[in-house]
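Chemist: Predicted structure and sequence below. I'll ask about it afterward.
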Amino acid sequence: MRHPVLSHIRDHAWLWIAGSFLLGLALGWAGLATPAALFIMFSGILIIVRSQGTDILTIVTTNPVAAVEDTKGDDTVQAAPLRETPHR
């Protein structure tokens, strides 16, 4: 990653996750239950994703739909035939 902000977030991901969790706890203590639940849920999802070894910013910064080169040269997409079981 070339951008220094993205590099900082990637290097210190656990601190950002802990900060969002603490923000959720502070909002819950202040009586704002819905935003607190959203921040705690968001940080929980980030903990799960980060603990399995996935780079969090890769999900956001990469193109999930990569261009597939077609060998025929046209843009047609062929669907696979469905195999239906006979109904009795």
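Modeler: In hand now; what should we look at?
Chemist: And the helices in the protein?
Modeler: Secondary structure of the chain, counting by DSSP state H: helices at 4-11, 13-29, 33-51, 56-61.
Chemist: Kindly reformat these as a markdown table containing mean pLDDT and mean neighbour count.
Modeler: Heads up, the C-betas are built off the backbone N, CA and C, glycines and all. Converted to a markdown table, those look like this (pLDDT from 0 to 100; neighbours: other CB atoms under 10 Å):
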| stretch | mean pLDDT | mean neighbour count |
| --- | --- | --- |
| helix 4-11 | 78 | 12 |
| helix 13-29 | 92 | 15 |
| helix 33-51 | 92 | 14 |
| helix 56-61 | 70 | 12 |
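Chemist: Report the contact partners of residue 28.
Modeler: With contact set as CB atoms under 8 Å, 6 or more residues apart in numbering, residue 28 has these partners: 36-37, 40.
Chemist: From residue 3, how far off is it?
Modeler: Distance of residue 28 to residue 3, given as CB to CB, to the nearest Å: 33 Å.
Chemist: Next: residue 11.
Modeler: 12 Å.
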